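J.: Sequence and predicted model, in that order:
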Amino acid sequence: MVVVELLSGGLRGRGEATPYGRYSETAAGVLAQIEQVREPIEAGADRTALQRLLPAGAARNALDCALWDLEAKTAGVRAWTLAGRARLDPVKTCFTLSLGAPEAMAETARAHARWPMLKLKIGGADHLDRIEAVRAAAPRTRLVVDANEALDFAALRRLAPELARLDVKLLEQPLPAGEDAALEGYPCPVPLCADESLHTRAELAACARRYAAVNIKLDKAGGLTEALALKAAAQGLGLEVMAGCMVATSLAMAPALIVAQGARYVDLDGPLLLVHDREPGLSFSGAVIEPPPPELWG
């Protein structure tokens with residue numbers, strides 16, 4: 001992960017991002033991007049200028065979130081106030097089941113069966129075995145399945161009716177990004193959610209023709225500024241929103257909680273998948289995430 005700190009007038013703004021190899025990002029590359037804009041940032045470039053200085057991605061996310069944090073501290077208000085919200089409500093996140101053998105995934109699902117929603121990864125040849133095992137272990141929880149681009153269209157058509165039978169609420173990114181035009185006009189029995197196919201508003205029109213929901217992640221969008229604009233535009237098109245994340249600490253989750261307000265699906269369990277989170281971190285009570293303390297962010 002990469003953390004940016006901006007200092008001004010004795011105040012410090014922070015932002016955290018996770019470079020993602022799927023998008024050809026590395027920590028070294030992200031740091032180089034940040035260094036390229038050091039001069040305009042130190043000269044006072046704001047969040048609006050940042051959108052022009054860097055493309056969407058982890059580098060812009062870290063800087064953008066640090067600018068939000070610094071602006072909030074400078075103004076003496078919370079970041080959600082700057083975003084036009086009177087308050088930030090607690091949200092309920094799903095818990096993610098990592099890809100594994102069906103029996104192992106079922107054991108983890110059983111331990112989290114009281115959570116309101118579980119998200120399970122699939123891959124390999126035994127997709128259905130994993131989903132059936134998890135459903136048997138957690139018969140009452142809502143299930144989201146994340147295919148991570150693992151299917152082709154024929155496999156999707158075979159699997160989708162089985163997902164409906166198992167009461168799966170959402171299927172995330174079934175086809176590889178760039179190959180999902182086949183979804184246009186397909187009456188999938190389970191709502192589909194774009195993840196890798198959607199980064200910013202630039203891809204939204206195409207996704208609206210293919211998906212019922214979109215997964216908004218700050219690292220993809222390039223920060224909270226674009227993520228909030230993307231959320232508003234997506235909801236304006238009638239799309240459901242998932243507030244998602246990479247595996248990261250509470251510092252990365254805190255700004256995403258603003259995106260999560262009112263979202264139908266929330267997947268911000270990144271800190272729970274780490275051996276150690278940062279201190280202070282977010283407060284988790286089961287699935288419930290409380291608003292971040294100002295010492296953390298915003």
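T.: Noted; the coordinates are in hand. Residues are numbered from 1 along each chain as shown.

J.: Now do the helices for this structure: every range, in order, please.
T.: Here the chain has its helices, by DSSP state H, at 27-36, 38-42, 47-53, 58-75, 79-82, 102-111, 127-137, 153-165, 204-208, 218-221, 224-236, 250-260.

J.: Name the residues of the longest one that are buried.
T.: Of the residues in helix 58-75, those with enough neighbours to count as buried (16 or more other Cβ atoms under 10 Å) are 58-73. No exception for glycine: its C-beta is placed from N, CA and C like everyone else's.

J.: At the geometric centre of this protein, which residue do we find?
T.: residue 244 (1.7 Å; Cα atoms, centre = their mean).

J.: wait, what's in contact with it?
T.: Residue 244 makes contact with 195, 215, 216, 217, 256, 267, 268 under the criterion Cβ atoms under 8 Å, 6 or more residues apart in numbering.

J.: Need the pLDDT of it.
T.: Per-residue pLDDT puts residue 244 at 97.

J.: before we move on, what about residue 127?
T.: 85.

J.: Just list the residues touching residue 206, thanks.
T.: So residue 206 contacts residue 197 (Cβ under 8 Å, 6+ apart).

J.: where does it land on pLDDT?
T.: Note for residue 206: predicted pLDDT of 97.

J.: can you check residue 22 too?
T.: At residue 22, the model reports a pLDDT of 89.

J.: do you know how far the nearest residue to it once chain neighbours are set aside is from residue 146?
T.: Counting by Cβ to Cβ, 6 or more residues apart in numbering, residue 22 lies nearest to residue 196, which is 6.8 Å off, once chain neighbours are set aside. The gap separating residue 196 from residue 146 is 10 Å, by Cβ to Cβ, to the nearest Å.

J.: Please enumerate the shared neighbours of the two.
T.: Counting by Cβ under 8 Å, 6+ apart, the residues touching both residue 196 and residue 146 are residue 173.

J.: Give me the more crowded residue out of those two.
T.: Between residue 196 and residue 146, counting by other Cβ atoms under 10 Å, residue 146 is the more crowded of the two (24 against 19).

J.: how much space between the more buried one and residue 251?
T.: Using Cβ to Cβ, residue 146 is found at 24 Å from residue 251.

J.: Tell me the buried residues in stretch 194-201?
T.: By neighbour count with 16+ other Cβ under 10 Å, stretch 194-201 contains the buried residues 194, 195, 196, 197, 198, 199, 200.

J.: Stretch 94-113 too?
T.: Residues of stretch 94-113 classed as buried under the neighbour-count rule (16+ other Cβ under 10 Å) are 94, 95, 96, 97, 99, 102, 105, 106, 108, 109, 112.

J.: how about those residues, which pair is most distant?
T.: Maximum pairwise distance among the buried residues of stretch 94-113 (Cβ to Cβ): 19.3 Å, between 94 and 102.

J.: Surely residue 212 is in contact with residue 194?
T.: No. Applying Cβ atoms under 8 Å as the test, residue 212 and residue 194 come out as separate, 9.2 Å apart.

J.: Tell me who's in contact with the residue nearest to residue 22.
T.: The contact partners of residue 196, by Cβ under 8 Å, 6+ apart, come to 22, 148, 149, 173, 176, 177.

J.: Report how many residues lie close to the first one.
T.: Okay, so that is residue 22. 10.
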